[in-house]
Structure formats: C-alpha cells, structure tokens
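Asks: Next input, structure requested:
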Amino acid sequence: MKITAIKTYLLKHPMSRPTGPANFYYRVRTTLIIKIETDEGVAGWGEAVAFTGVRELIEQQYAPILIGRDPLTHRSLWRELWGQNFGNGMALGGVDIALDDLRGKALKLPVAELYGGRLRERVPAYASAMNYIEGKDPAEYYPREATELVARGFRAMKMRIGGQAIKDDLRAIKAVRQAVGPDVKLMADGNGAYSLGTAIKMGRELEQQDFYWFEEPLPQSSPGYAGYEVLTSKLDIPIAACEGLTCRAQFKEAISRRAMAIVQPDVCIAGGIGECLFVAEMARLWGIQCMPHCWAGGLVIAASVHFLSLLPDASWGRTTETPMLELDHVENPFREQLFTRSIEIKDGFATVPKVPGLGVEVDEERLNYYAADGR
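Replies: From the prediction side, this is the model:
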C-alpha cells in the first residue's frame, strides 16, 4: 500500500449567536479536515486546528514526505514528520489521527487495538457547556442548561467563568450547584482570565462549592504555564492545565514543576494519540491524572474516545476516578452533521467503536458544502 495524496479541507460555519469563554466570543466555528488517500482505495481521515500555517505545513512539508510511502510504517513516518520541521504538534496531530484511521482500516482493527487494546468499552463523558452568551446573564441560563444536561444523563459538566466580576460569577456557580445537587461533578474553566491573586480567591470559592477541578485560570504562558505551581500549592481544588502544550518536552517541564494536578493533552494539538499516551504515562509517575482536552469536531472526538479507552483509572480502588471525554456543547455542525456514522453517545457515555479505524464515516458531500474555499 502506498500513499497517493494528502488533501485538506478548511471548514467554516457562522454561529447563530456570539458564544464563548471569559475572554472572547466565537462568531465562526472552524476546523481543518485531512484526508490521506492510497493506491488501494483505503483512505484515512484526521482533523487539526485551523490555525494559521497548519494547513500550509501539511500541504507543503508533510505531503512530499508522505506521498509514495507505506502508511503502515507508522513509527518511521511519525519521526520523519516531527524532525523535518522542528516539531509542530498541531499539524502532526491531525495527520497522525488520519494515519491511525488509515492503518486501522488497512489492518481491519479499531484504533484502540493499534495501541495495545482498550481497557474499557465505554468512556464517561462530561458536558463542556455553560458558555457566556453576549448580552445574557449566566446566573439565569447556566442552571437551566445544567438541569437539561442532567436530564440527558450527564453526571459531570463544566462551565466557563472569569468573564465577570467574581461576585457575579459566584451567583451563577451557586445557582448551578443548587440546581444539580451534590452528586453531579462540576468543573470550572477560567480560560486564562485571572491574575494569580484572583485565581486563588476564586479557587477557594470553588472549593466551598465542591468543584472537581479549576481549569486554566492563569494565562497560558509558553512554554511552561508560569505561576501554575503556586496555584497547586495554595489551593486544595485540583488545577487542570496544559491543553495548549504541543510536545512531550513541554509537558515534562510543566509536570516536573507540578504545574497541575490534572494534565490535559489534546490529541490534535500534541502530536496524536501516541504522543498523548506518552504524556499520560509520564504524568502518572508524578501521581498526576490525565483528562484530555477535546474541543473540536467529530474526528477529534473519535480519536479522543479511543485514547481514553487506553488510559487506566486513577487508582486500583474499586471506586476510583475514570478518565472522561470532554464533549463540547457549543454550536458546531462538525461534531455530528459531517458524518454518516459518528461516535455513539448516550446517557453520559461514549461507546468505543469496534469497527476498523476511528469508527466514523465522513459524508463527503457535506464536507464539500462546509469547505470555505471549495476544496
């Protein structure tokens, strides 16, 4: 089998209303879809963040290396792609997902089995929801949204905070806790909106509300998330962080400083499933949990479900903490509408596919409809 073509599709979708975290509103959803074709008619699909330069790197640097090569020589290809451009985890993450999908289809194995076999058949999912809506008060609609998510089977959910004064965000936080009760896991994402002092102050308030973690309250200073080790030493609530890191070396620096209690590698940002597995196992040496970041379309969701099926629980206890899938609930047609078959999510759990590859099927007619430049 030989790779014959690398195709990329930049997708855009205008949102019906401005929605987002503490520091900006999303008005358009974007993603970059990657298709790797072969001379045997088998194709693999991947997804990358649509940041400037990612598409060009894939088309101009990766494609000449990949075309004509055997996609089953995975370790050799990954090493070449990483070394030729000083390591770009975002471009390589999307391509590596496509290579995994292609390898799985060629070998007639689900992606999880390519990495040694799943540890679970279902992955618990948490709703990444409750975002700011321009012109609306979160204290009014956050609890209503949380109640609806509980009715749909979610036992864990995350809200965005940091876009208002602490006292105003606290109104929404307390209203959500009252609405869902004490048995639902609640998490808060600050999206880098706090200073060190206000992050400590808000963290202590979240502790009083029994929140499961406080995510990325300080700015994502590159490469090591400066100041985060102070938060982990000052607060009892676990700090979750490092979704923006792109390689094992960056994660090693942050983990060794204990900049977080929960590490959040993203398969499409940090070089793919294999690299994220390395990060997760490295974090375990410091007693740090892995709860991957996932804020993209259906291909990254599928890759994340396979990745999560490979991660062990936090301990050997009969009641322990199982790694969870982050399931974005912000308007995004690239989650389900782009597929004729997508990941099954029901009652707060995602089923790990048993069919070859990622287990999803792209609808190419819909893909071309959303493609911003017709390709």
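Asks: Can you give me the domain boundaries for this structure?
Replies: Structurally, the chain divides into domains by automatic domain parsing as follows: 3-109+362-370, 114-361.
Asks: End to end on the last one, go ahead and measure it.
Replies: Chord length of domain 114-361, first to last residue, is 19 Å (Cα to Cα, to the nearest Å).
Asks: In terms of secondary structure, what does the longest strand along the chain contact?
Replies: If you go by DSSP state E, the chain has its longest strand at strand 3-20. Secondary-structure packing of strand 3-20 (3 or more Cβ pairs under 8 Å, 6 or more residues apart in numbering; DSSP states H and E): strand 26-38, helix 63-66, strand 132-133, helix 364-370. Yep, even glycine has a C-beta here, placed from its N, CA and C like the rest.
Asks: Pipe these into a markdown table and attach mean pLDDT per row.
Replies: Compiled in a markdown table, the helices and strands packed on strand 3-20 are given as follows (pLDDT from 0 to 100):
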| stretch | mean pLDDT |
| --- | --- |
| strand 26-38 | 96 |
| helix 63-66 | 96 |
| strand 132-133 | 97 |
| helix 364-370 | 93 |
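Asks: Compare the ones you listed and report which one is nearest to residue 103.
Replies: Nearest to residue 103, of all the helices and strands packed on strand 3-20, is strand 26-38, at 10.1 Å by Cβ to Cβ.
Asks: Show me what counts as buried in that closest one.
Replies: Residues 26, 29, 30, 31, 32, 33, 34, 35, 36, 37, 38 are the ones in strand 26-38 that count as buried (16 or more other Cβ atoms under 10 Å).
Asks: Could you let me know which of those residues ends up closest to residue 7?
Replies: Of the buried residues of strand 26-38, the one sitting nearest to residue 7 (Cβ to Cβ) turns out to be residue 35, at 4.4 Å.
Asks: mind listing what the closest one touches?
Replies: Residue 35 is in contact with 5, 6, 7, 8, 9, 43, 44, 45, 98, 362, counting by Cβ atoms under 8 Å, 6 or more residues apart in numbering.
Asks: Now with 7 Å, please.
Replies: Taking Cβ atoms under 7 Å, 6 or more residues apart in numbering, we find residue 35 in contact with 7, 43, 45, 98.
Asks: can you redo those residues as JSON lines with secondary structure?
Replies: Below are the contacts of residue 35 laid out as JSON lines (DSSP: H, G, I helix; E, B strand; the rest coil):
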{"residue": "7", "secondary structure": "strand"}
{"residue": "43", "secondary structure": "strand"}
{"residue": "45", "secondary structure": "strand"}
{"residue": "98", "secondary structure": "helix"}
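Asks: What remains of the residues you listed if I keep only buried residues?
Replies: Using 16+ other Cβ under 10 Å, the buried ones in these are 43, 45, 98.
Asks: Make TSV out of those and add distance to residue 366 and pLDDT.
Replies: Below are these laid out as TSV (distance: Cβ to Cβ, whole Å; pLDDT from 0 to 100):
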residue	distance to residue 366	pLDDT
43	16	98
45	13	98
98	18	98
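Asks: will you turn these into a markdown table that also has distance to residue 128?
Replies: Formatted as a markdown table, the buried ones among the contacts of residue 35 follow (distance: Cβ to Cβ, whole Å):
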| residue | distance to residue 128 |
| --- | --- |
| 43 | 30 |
| 45 | 23 |
| 98 | 24 |
